[in-house]
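Peer 1: when you get a sec, could you give me coordinates for this:
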Amino acid sequence: MANFIKDQVIFRGEGKFRLVRVQEDVAQLENIVTGELSSHDEADLLEEYVRGYLRTVNSRQYQRPPMHNAFKDALEAAAPPAKQGDFETRRRVNYLVALDRMDAFNGSRTALCQAIKKIGIDLDDAKPPHITTIYRWRRRYQIAQFDVRALLDRTGLRGGKGKSRLDHVVEDIVHEKIETAFLNSKRGTAEDVHNATFLEIQRLNTTRIESEWLKVPALRTIQRRIKNLDAYELAVARYGEREAQRRFADQLCARKVTRILEIVEIDHSPIDLVYTDAEGRAIDRPYFTVVFDRFSRCVLGFCISSAGHGVHAVFEALRHSMMPKSYLRERFPELFLGWPCHGWPERLLMDNGREFHAHAVVDALTNLGIVCEYAGSRDPNDKPFVERFLRTFNYSFIHKLPGTTLAKVHQRVGFKSEDDACLTFDKLNEMIHVWIASVYHLRPHKGLSGRAPIDVWKESAVAYPPVLKCNADDLSIEFGDVAECALQHYGIDFNTFRYVSTELLALRRMLPAKQKVLVKAPYENAGLIWVWDPIHSEYIRASNSNDQYNNLTIEQEKTFKREYANSDPHKRTRANGEEMIREMAKTAMQSKKLKTRKRGARQAHITSKSANRPNPAVSEPQNVIPLGALNLDLDELSDFEVESINAEVKDEK
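Peer 2: You can find the predicted model right below:
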């Protein structure tokens, strides 16, 4: 069976050939340029055609051979469907098909004109084509061998569309002023370009005779020139090359993961809500630190903190994400929450904030066997999932609560967030637990093909179960500030405090003189540190020689030392660290100024880790017996003596 016809022109690679003859499945080709003859098996030529090496035309535009002898059948078979912007082409096809069905082309010219008018009425065409136009369409279609593309509307290609009609001198001036007055200015406008062009043309016209004066283009002409500028060129002029490259970079997909905990993302965001204290006073807008699993889109853990989003918030969120959520049944017994997401991540993806680059964070994650990775600067595709979750968290949940600040200042019209605020920190923490465990984890996720995040987690956890790689106490030790300190005969000096223990004295005897040791200091308790014993490969606990700093955070002890130094001598003998901080935080949080209340929240170190404990800033001492009946001068007694008296009275009762 012949697949080629005589004298057919074909292309093989870059060569152009003419088919001379085909005999017994052997085709003879003639090189049109050199005239050289060559013989080829027809099967080989067909294989070359399939591979694309042999082509019947030298471009993608092809000429379709006649397929039908009947004019009507060809039009009906090849007529394209009507599309937006292609009405004129469809109109031409409709007229030719209808006229052919009426056999109008075989009649007189008058009959054809009447048929055209009748078809115009049927097609609701207010202005039917002239009979000459119909003949031109029909002749063009026949010459094209019944290819319907001959009827395509090409009126947009007429004339000088896209070509400038301005004088070449004026055109050069316009381009120059666009470069200087628009692109080189961060706030340039079309009016600036028009004014600069007007002044330049006026200057040139002073050296020309009146008959050769240049005409100033209209403002609309300038606006069209600016609209046709390259988007990248405009972005470079407006925002700089770095920002332009970011906007027009190849937005490839984020790295793929195949299991849970393979890549875990962490990030901060302010919560768009102001919480209150027990008396209803607006306190602060806390920060939300979340740890997010990329594979399952589950929330592994979080930390809500009014003390900022520093290293302590990172450690609290990581600890919450790694440890099982066994506290839910005890803390929220009536909610029946289930949150099985926990475990050690393989890689932790962070941004370039200072708290993530802290030596304490890097050292802790390295000791726990977690790889630290940092997202590229100004690269939103590096860790997009946690960024999108934070938006969902605020927009889908927080913005519906009373006291929300919304996302932008201009959206807060007609209300004040401080006046509407009514949720306490504990209630906000409880509601976030409920939303994550009962709403977000259970709703279908578009990025998971409509599956719920918790279902994806459970399915992957069967093949890759989460592993607890160290003890909970070891995790508490690692999540602390890290430093190297000299081991002295009296202990260790760290953070202006002195820490001592009997184990340190024994360790000093076994180490070389003036040996430095590794120290881990918890952020939430300035009363102790952990010292690494390189001989026995374990941590040694050392306590603060001044016990009044126990259970104070680093920020609290700094505040206490500053206030203690400025206080009167009598106050020094009466107050300990916890009481002073409690009184300072309570006083600050009762202030009328929001700034002062925020400072009080930071001093009280209000975080989700201690959210369900009694608030030290507002709680009152319990089991205290009135001492008025004892006829004692309370001002002369220290707090320790008062507590001792209360204990004795309680024992007697």
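
Peer 1: quick one, phi/psi of Ala104?
Peer 2: In terms of degrees, to the nearest 10, the main-chain angles of Ala104 are phi -80, psi -20.

Peer 1: could I get the contacting residues of it?
Peer 2: Ala111, Leu112, Ala115, Ile116 (Cβ atoms under 8 Å, 6 or more residues apart in numbering). Yep, even glycine has a C-beta here, placed from its N, CA and C like the rest.

Peer 1: just the pLDDT at it, thanks.
Peer 2: With respect to pLDDT, Ala104 has a value of 88.

Peer 1: so how far is Asp125 from it?
Peer 2: For Ala104, the distance to Asp125 (Cβ to Cβ, to the nearest Å) stands at 16 Å.

Peer 1: try Cys341
Peer 2: From Cys341 to Asp125 the distance is 66 Å (Cβ to Cβ).

Peer 1: who's more crowded, these two?
Peer 2: The neighbour count for Cys341 versus Asp125, taken as other Cβ atoms under 10 Å, is higher for Cys341 (26 against 15).

Peer 1: any idea how far that one is from Val386?
Peer 2: The gap separating Cys341 from Val386 is 14 Å, by Cβ to Cβ.

Peer 1: show me where the stretch 1-150 of the chain has its strands.
Peer 2: Ranges of strands within the stretch 1-150 of the chain are 9-12, 15-23, 26-31, 37-41, 54-55, based on DSSP state E, counting those that start in this stretch.

Peer 1: most distant residue from the centre of this structure?
Peer 2: Distance from the centre of the chain peaks at Ser108, with 70.9 Å (Cα atoms, centre = their mean).

Peer 1: return the distance of that one relative to Asp474.
Peer 2: Note on Ser108: its distance to Asp474, by Cβ to Cβ, is 103 Å.

Peer 1: kindly report the same for Asp153.
Peer 2: Taken as Cβ to Cβ, the span from Asp153 to Asp474 is 76 Å.

Peer 1: specify the local secondary structure of Asn381.
Peer 2: Counting by DSSP: H, G, I helix; E, B strand; the rest coil, the backbone at Asn381 sits in coil.

Peer 1: which residues does the residue lying closest to it once chain neighbours are set aside contact?
Peer 2: Among residues not flanking Asn381 along the chain, Ala254 sits closest, at 5.6 Å (Cβ to Cβ, 6 or more residues apart in numbering). Contact partners of Ala254, counting by Cβ under 8 Å, 6+ apart, are Arg294, Asn381, Asp382, Lys383, Pro384, Phe385.

Peer 1: and Ala254, what pLDDT?
Peer 2: 76.

Peer 1: relative to Gly338, how far out is it?
Peer 2: As for Ala254, its distance to Gly338 is 28 Å (criterion: Cβ to Cβ).

Peer 1: how's this structure carved up into domains?
Peer 2: The chain breaks down into these domains under automatic domain parsing: 9-55, 71-157, 168-247, 263-463, 480-549, 621-653.

Peer 1: how about these, which one is nearest Gly600?
Peer 2: The minimum distance between Gly600 and those falls on domain 263-463, with 7.6 Å, by Cβ to Cβ.

Peer 1: how long is the closest one from one end to the other?
Peer 2: 16 Å (Cα to Cα, to the nearest Å).

Peer 1: so how far is it off the chain centroid?
Peer 2: Put simply, domain 263-463 sits 15 Å off its chain's centre (Cα atoms, centre = their mean, to the nearest Å).

Peer 1: quick one: mean pLDDT over that domain.
Peer 2: Mean pLDDT, domain 263-463: 91.

Peer 1: begin at 278, not 1, for the rest of this chat.
Peer 2: Okay, residue one is now 278; in that scheme the one you just asked about reads as domain 540-740.

Peer 1: and the gap between the closest residue to Leu400 other than its chain neighbours and Cys390?
Peer 2: Distances taken as Cβ to Cβ, 6+ apart place Asn371 nearest to Leu400, at 6.0 Å, with adjacent residues excluded. For Asn371, the distance to Cys390 equals 17 Å [Cβ to Cβ].

Peer 1: following element in sequence after the helix or strand harbouring Ile503, please.
Peer 2: Ile503 belongs to helix 496-504 when assigned by DSSP states H and E. Next helix or strand after helix 496-504 toward the C-terminus (DSSP H and E): helix 508-516.

Peer 1: residues of that next one that come out buried?
Peer 2: Ala512, Val513, Ala514 (16 or more other Cβ atoms under 10 Å).

Peer 1: go on, stretch 621-635?
Peer 2: Of all the residues in stretch 621-635, those buried under the rule 16+ other Cβ under 10 Å are Trp621, Pro622, Glu623, Arg624, Leu625, Leu626, Met627, Asp628, Glu632, Phe633, Ala635.

Peer 1: in the stretch 578-727 of the chain, which spans are strands?
Peer 2: Under DSSP E, counting those that start in this stretch, the stretch 578-727 of the chain gives strands at 624-627, 648-651.

Peer 1: how about the ones you listed in TSV, adding distance to Ser315?
Peer 2: Formatted as TSV, those follow (distance: least, Cβ to Cβ, whole Å):
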stretch	distance to Ser315
strand 624-627	61
strand 648-651	60
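
Peer 1: tell me where the model's unsure across the stretch 728-877 of the chain.
Peer 2: Applying pLDDT under 70 to the stretch 728-877 of the chain flags residues 837-863, 865-867, 869, 871, 875.
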